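>>> Curious how this folds, go ahead:
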Amino acid sequence: MSNPKPSTDVLVIGGGMAGLAGALALRENGAEVTLLERAPEFGEVGAGLQMAPNASRVLKRWGLLEKALEIGVRPRHLVFRDAVTGEELTRQSLGGSFEERYGAPYVVIHRSDLHRILLDACRDAGVRLVNDVTVEAVRTVDGRATARASDASTYEADVVLGADGLKSVLRSEVAQDGPVSSSYVAYRGTVPITAATPQGDLEDVIVYLGPDCHLVQYPLRKGELLNTVAVFKSASFERGEEQYGGVDELEAAYRDCVPAVREALKNLATGIRWPMYDRDPIENWVAGRMVLMGDAAHPMLQYLAQGACQALEDAAVLQEASLGTVFTEEGTDPAGWDAAIRNFNSARAARTARVQRTARVWGESWHVSGLARTLRNLLFRSRKDGDYQYNDWLYGQDGDGVPSASLPPARVGVPA
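Numbering: from 1, shown residues only. Next up, the predicted model:
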């Protein structure tokens, strides 16, 4: 027998970046928000995360950017190098005109730090946070959504945000698909920066591009930690093995790379690896009064460093879409959710699909060999620092549907 829980205006399923951002955005609009997380405690695994200006603008709008800057790092440059020769191919300065053009800084931050900033903001705003609840299905009846949990309890809401990640259960309400394997895996690691750490690149994001592999390094925690990510094509993953005993595959993938790259492999935690998946884009994220967001709606490969960024964009656009439809000058109108989530879906689907597809192509260009590598390097070398033609569609303030950071928040303050 079900165990009904108190109803809420907004029910969020999933306590990752997308869920917390969505909960905060709608709480700022005045909604009563309950968030359900299946884990016993809130937390975020992983290592570093890059926040491009399209994401840091959202934090700026919510008054959270300074908190991110207090613990993160503003890198000076994004630098691409050939992993086999060590040659610099191109660089992008990330301060000055870059920051002015896009209205916010480029920030690198530990995933757990950004997660904690969003979690604290939700707590401070009055979001009801509930752990240890696994939602199995959402149904809509007479304009109300009911979420059924694995313990047979139910939660009711005017609208449900499905933010349950790459392996989303709720996505089955709108699409019969599954995660797509990329054949690539990642090892990650963060180590303290010491006097013995090579000092030359500690203010930049460095990307080494090699055949069937790449390596990324940048500083974290105000320059106290060095973040390293090694991604390579894995024969064992192609056979279906998500984890793998030993490091022979890892070492073999980088055997032809310059010493700086091979030396950086020592920074990795090799006890666990992250298989790289995405999904094919879908146009519809809505089922009744349930709408997907974040990785549940548009999981993407990491090559554009946009997974968390697009989740923050989702939240900001949903915040705007619900103003004037649900949250009006006259008060709250729950009937407006049908239009709000459809408008949100319409505003976001094409953009996130482009990011998903571009991430795939971008990754392919990183990992080429032979003539394709020669042509790739020629193209990269032809690009000059300060050339924004490849950035504007992604970082620009007109293409993402997110209001400019210079605008005031959607609603000042949160109702008590």
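>>> tell me which strands and helices the longest helix along the chain is in contact with?
The residue-count maximum for a helix in the chain (DSSP state H) belongs to helix 337-366. Judged by 3 or more Cβ pairs under 8 Å, 6 or more residues apart in numbering; DSSP states H and E, helix 337-366 is in contact with strand 153-162, strand 180-192, strand 269-278, strand 286-287, strand 290-292, helix 307-321. Placement of C-beta: from N, CA and C, glycine included.
>>> Same list (the ones you listed) but as CSV, adding mean neighbour count, mean pLDDT and distance to Glu37.
Converted to CSV, the helices and strands packed on helix 337-366 look like this (neighbours: other Cβ atoms under 10 Å; pLDDT from 0 to 100; distance: least, Cβ to Cβ, whole Å):
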stretch, mean neighbour count, mean pLDDT, distance to Glu37
strand 153-162, 24, 97, 13
strand 180-192, 19, 94, 23
strand 269-278, 17, 92, 21
strand 286-287, 20, 98, 21
strand 290-292, 28, 98, 17
helix 307-321, 26, 96, 15
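>>> Those: which one's closest to Gly86?
Proximity to Gly86 (Cβ to Cβ) singles out strand 180-192 among the helices and strands packed on helix 337-366, at 21.0 Å.
>>> Let me see the residues that make contact with that closest one.
The contact list for strand 180-192 (Cβ atoms under 8 Å, 6 or more residues apart in numbering) reads 46-48, 110, 220, 224-234, 237-238, 244, 250, 267-270, 273-280, 301-302, 360, 363.
>>> Pull out the buried residues from these.
Neighbour-count burial (16 or more other Cβ atoms under 10 Å) is assigned, among those, to 46-48, 110, 220, 225-234, 237, 244, 250, 267-268, 270, 273-279, 301-302, 360, 363.
>>> Tell me the pLDDT of Glu242.
pLDDT for Glu242: 82.
>>> That one touches Pro275, doesn't it?
Yes: counting by Cβ atoms under 8 Å, Glu242 touches Pro275, with 4.8 Å between them.
>>> Would you mark the buried spots in the longest helix of the chain?
Buried residues in helix 337-366 (16+ other Cβ under 10 Å): 337-338, 340-345, 347-349, 351-353, 355-356, 358-360, 363, 366.
>>> Now do the helices in the stretch 1-150 of the chain.
17-28, 53-61, 65-71, 97-102, 111-125 (DSSP state H, counting those that start in this stretch).
>>> Output the below-cut-off pLDDT ranges for this structure.
For the chain, the stretches with pLDDT under 70 are 1-6, 398-416.
>>> Pull the residues that contact stretch 113-133.
With contact meaning Cβ under 8 Å, 6+ apart, stretch 113-133 is reached by 8, 15-17, 20-21, 23-24, 27-28, 32-44, 49, 51, 59, 62, 64, 67-68, 71-72, 149, 151, 153, 221, 308, 414, 416.
>>> Which of those residues are buried, as a ChimeraX select command?
Selection of buried members from the contacts of stretch 113-133 for ChimeraX, criterion 16+ other Cβ under 10 Å:
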select :8,15,16,17,20,21,23,24,27,28,32,33,34,35,36,37,38,42,44,49,51,59,62,64,67,68,71,72,149,153,221,308
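>>> show me what contacts Arg81?
Glu87, Glu88, Leu89, Ile206, Val207, Tyr208, Leu209.
>>> out of the residues you listed, which are buried?
Leu89, Ile206, Val207, Tyr208, Leu209.
>>> Show me which of those is closest to Ser168.
Nearest to Ser168 among those, counting by Cβ to Cβ, is Val207 at 29.4 Å.
>>> Now do Asp387: how many residues are near it, please.
Neighbours of Asp387 under the rule other Cβ atoms under 10 Å: 11.
>>> That one and Arg376, how far apart?
For Asp387, the distance to Arg376 equals 16 Å [Cβ to Cβ, to the nearest Å].
>>> Apart from its neighbours in sequence, what residue is nearest the residue nearest in space to the middle of the chain?
What sits nearest the mean C-alpha location of the chain, by Cα atoms, centre = their mean, is Ala308, with 1.5 Å. Nearest residue to Ala308, sequence neighbours excluded (Cβ to Cβ, 6 or more residues apart in numbering): Met17, at 4.8 Å.
>>> Take the buried ones among the contacts of Arg81 and write them to a markdown table, including distance to Glu320.
Listed next are the buried ones among the contacts of Arg81 as a markdown table, based on distance: Cβ to Cβ, whole Å:
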| residue | distance to Glu320 |
| --- | --- |
| Leu89 | 38 |
| Ile206 | 36 |
| Val207 | 33 |
| Tyr208 | 39 |
| Leu209 | 37 |
